[in-house]
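[1] no letters, just coordinates:
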């Protein structure tokens, strides 16, 4: 396996373990919205958005 793949899998595992240990409900305030949700969803959602942005940026570099 390539080094980047191993590091990505290791990093994803650390994020999952970290988020599962922080399962309390917390308030999220964003502009006019106030939502109570689990920290697991916040952490994993933020991680997912970051991965998506990274993929989109790398696709743009491959196209041009």
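    Noted; the coordinates are in hand. If you're wondering where the values come from, they're calculated on a predicted model, not measured in any experiment.
[2] where does the prediction get shaky in the chain?
    Low-confidence segments of the chain, defined by pLDDT under 70: 61-62, 64.
[3] in it, which spans are helices?
    With DSSP state H, the ranges of helices along the chain come out as 3-20, 39-63.
[4] okay, the ones you listed in TSV with mean neighbour count next?
    C-beta coordinates here come from the backbone N, C-alpha and C atoms, glycine included. Output for the helices of the chain, formatted as TSV (neighbours: other CB atoms under 10 Å):
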stretch	mean neighbour count
helix 3-20	11
helix 39-63	12
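[5] out of those helices, the one nearest residue 26 is which?
    Closest approach to residue 26 among the helices of the chain (CB to CB): helix 39-63, 5.4 Å.
[6] give the other helices and strands that the closest one contacts.
    Helices and strands touching helix 39-63, by 3 or more CB pairs under 8 Å, 6 or more residues apart in numbering; DSSP states H and E, are helix 3-20, strand 25-30.
[7] from the chain's centre, how far out does that helix sit?
    How far helix 39-63 lies from its chain's middle: 7 Å, per CA atoms, centre = their mean, to the nearest Å.
[8] repeat for stretch 33-51
    With CA atoms, centre = their mean as the basis, stretch 33-51 stands 8 Å off its chain's centre.
[9] give me the residues contacting that stretch.
    The contact list for stretch 33-51 (CB atoms under 8 Å, 6 or more residues apart in numbering) reads 12, 15-16, 18-20, 22-28.
[10] tell me the one of the residues you listed nearest residue 55?
    residue 12 (13.7 Å).
[11] the helices and strands packed on helix 39-63: which one's closest to residue 58?
    For residue 58, the closest of these is helix 3-20, at 11.5 Å, according to CB to CB.
[12] and the contacts of that closest one?
    If you take CB under 8 Å, 6+ apart as the criterion, helix 3-20 is touched by 39, 40, 43, 44, 47.
[13] okay, these in TSV with distance to residue 8 next?
    Formatted as TSV, the contacts of helix 3-20 follow (distance: CB to CB, whole Å):
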residue	distance to residue 8
39	23
40	20
43	17
44	15
47	12
